[in-house]
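**Student:** could you work out the structure for the sequence below:
(one chain, ligands or ions: 1)
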Amino acid sequence: MKPIQMVDLTGQYQDFKADLAESLQQILDTAAFINGPEVKSFQAELEQYLGVKHVIPCANGTDALQISMMAAGLHPGDEVICPNFTYIATAEVIALLGLKLVLCDVEYDTFNLDPARLEALITPRTKAIVPVHLYGQCANMAPVLEVAQRHNLLVFEDTAQAIGAEYTYPDGRKATAGTMGKAGATSFYPSKNLGAYGDAGALFTNEDAFAAELRMIANHGQQRQYYFDRVGVNSRLDSIQAAILRHKLRRLDTYIAARRKAAAFYDDALQGIDGLQIPGRAPWSTHVFHQYTLRIAGGRRDALQAHLREKNVPSVVFYPLAVHQHPPYAHARFRDEDYPVTMRLCSEVLSLPMHTELTEDQLAYICEAVRGFLR
Ligand SMILES: *Cc1c(COP(=O)(O)O)cnc(C)c1O
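**Tutor:** Purely as a prediction, here's the structure:
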């Protein structure tokens, strides 16, 4: 059996190695490194794949989040709500822009923003909500959008972990993750479900005017070359990453299917074990399994992780701390007791290896190692 890795991208590369070599050679021959034809084609192909009007490529997912808030003209002191259980980038850009960070607790079963807790956090200064589609499954968007509409708030989706996930509205309409709010921000960091071979990211929006603002902010705030209308940032996707992403986008549905197959194996082998809960499934979303995340009760999570390490099974705690427990984000207004679900998840979650190259013997070995500890 091959050694088990948390993320393994080697098989994907072998599959399009020859085609990619050709694309890269062409970029080198034409020296179209920035904003070349590969970037334009990738943008158009991703718009088509997601069913969204505009894709605006940029340098990484954190920039994408920042650009969305800058383009919307949020000002220091404006309040922005995001989940307390997320990757730091979501909260980081809010703090970086001088906006007031407001943290919301999450749902235990889906790990995502709890819409029932939003209303209590809204003040006259609230300007935006940033739901995160954590681990590959959409947050409960209909109630988030309803609260946002009622209070005239913007919604920016952090879809760095959920590209390709599909949300179903209560009336049956469907939309892909990142295309439901004012804008969506995603990351193509190598380990993400659609990963480049370096840093890359993108924004999505269905609004023509806002797309123009996003493009302008990502390009130093200029609409016409050397005429700068707003303070922007320098955030570009380069042609080499775009070429890689095009080859992988064509295979994204196959990658998602492979992740779902691994998840189904885990589900079958691990459900019904005392002290362990398999990932909850939201009825409103498909799951693209960026992570397969267990909840281990009774304070045994770290011991299970140590046991797995001994068996050469990697696992990761995404995330060991709530946002407000990190020193730069700690503030008297954030109290542990206001975030019971987040705090509980931080002590219970454990993500198992999840990628497109997992074999059945590896999956069986991993599950046996988990069962061996908990039985
Ligand atoms: C990866 C990630 C980001 C940031 O993306 P980068 O490309 O690394 O800047 C933001 N939010 C979430 C939830 C992520 O998982």
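
**Student:** what number of residues lie near the residue in the chain that the ligand sits nearest to?
**Tutor:** Using Cβ to the nearest ligand atom, the single residue of the chain nearest to the ligand is residue 61, 2.5 Å away. For the C-beta atoms, the positions are set from N, CA and C on the backbone; glycine is no exception. Residue 61: 27 surrounding residues under other Cβ atoms under 10 Å.

**Student:** residue 157 belongs to a helix?
**Tutor:** No: the assignment for residue 157, made by DSSP: H, G, I helix; E, B strand; the rest coil, is strand rather than a helix.

**Student:** gap between the closest residue to residue 259 other than its chain neighbours and residue 81?
**Tutor:** Residue nearest to residue 259 in three dimensions, not counting chain neighbours: residue 289, with 4.1 Å by Cβ to Cβ, 6 or more residues apart in numbering. Counting by Cβ to Cβ, to the nearest Å, the gap from residue 289 to residue 81 is 26 Å.

**Student:** the helices in the chain, which residues?
**Tutor:** 10-30, 37-50, 61-71, 88-96, 141-150, 208-218, 239-249, 252-270, 301-310, 340-348, 360-374 (DSSP state H).

**Student:** what's in contact with the first one?
**Tutor:** Defining contact as Cβ atoms under 8 Å, 6 or more residues apart in numbering, one finds that helix 10-30 is touched by 33, 36, 38, 239-240, 243-244, 246-248, 251, 255, 356-357.

**Student:** let me see the domain layout of this protein.
**Tutor:** 10-105+112-249, 252-374 (automatic domain parsing).

**Student:** I'd like those domains as a markdown table, with distance to residue 4 appended.
**Tutor:** Shown next, in a markdown table, are the domains of the chain (distance: least, Cβ to Cβ, whole Å):
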| stretch | distance to residue 4 |
| --- | --- |
| domain 10-105+112-249 | 13 |
| domain 252-374 | 5 |
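
**Student:** export those to TSV and tack on distance to residue 3 and mean pLDDT?
**Tutor:** Formatted as TSV, these follow (distance: least, Cβ to Cβ, whole Å; pLDDT from 0 to 100):
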stretch	distance to residue 3	mean pLDDT
domain 10-105+112-249	12	97
domain 252-374	7	97
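
**Student:** quick one, which of those is packed in tightest?
**Tutor:** domain 10-105+112-249 (a mean of 20; mean count of other Cβ atoms under 10 Å).

**Student:** ends of that one, what's the gap?
**Tutor:** Domain 10-105+112-249 has an end-to-end distance of 16 Å (Cα to Cα, to the nearest Å).

**Student:** likewise for stretch 108-120?
**Tutor:** Stretch 108-120: ends 19 Å apart by Cα to Cα.

**Student:** right, is that stretch up against the ligand?
**Tutor:** No: for stretch 108-120, no contact with the ligand is found by Cβ under 6 Å from any ligand atom; the gap never falls below 10.9 Å.

**Student:** that stretch: how far from the chain's middle?
**Tutor:** How far stretch 108-120 lies from its chain's middle: 17 Å, per Cα atoms, centre = their mean, to the nearest Å.

**Student:** name the residues that touch it?
**Tutor:** For stretch 108-120, the surrounding residues in contact (Cβ under 8 Å, 6+ apart) are 81-83, 85, 104-107, 129, 131-135, 137-140, 143-144, 147, 279-282, 293, 295, 341, 344-345, 349.

**Student:** the ligand next: which of those are close?
**Tutor:** Among the contacts of stretch 108-120, proximity to the ligand is found for residue 132 (Cβ under 6 Å from any ligand atom).
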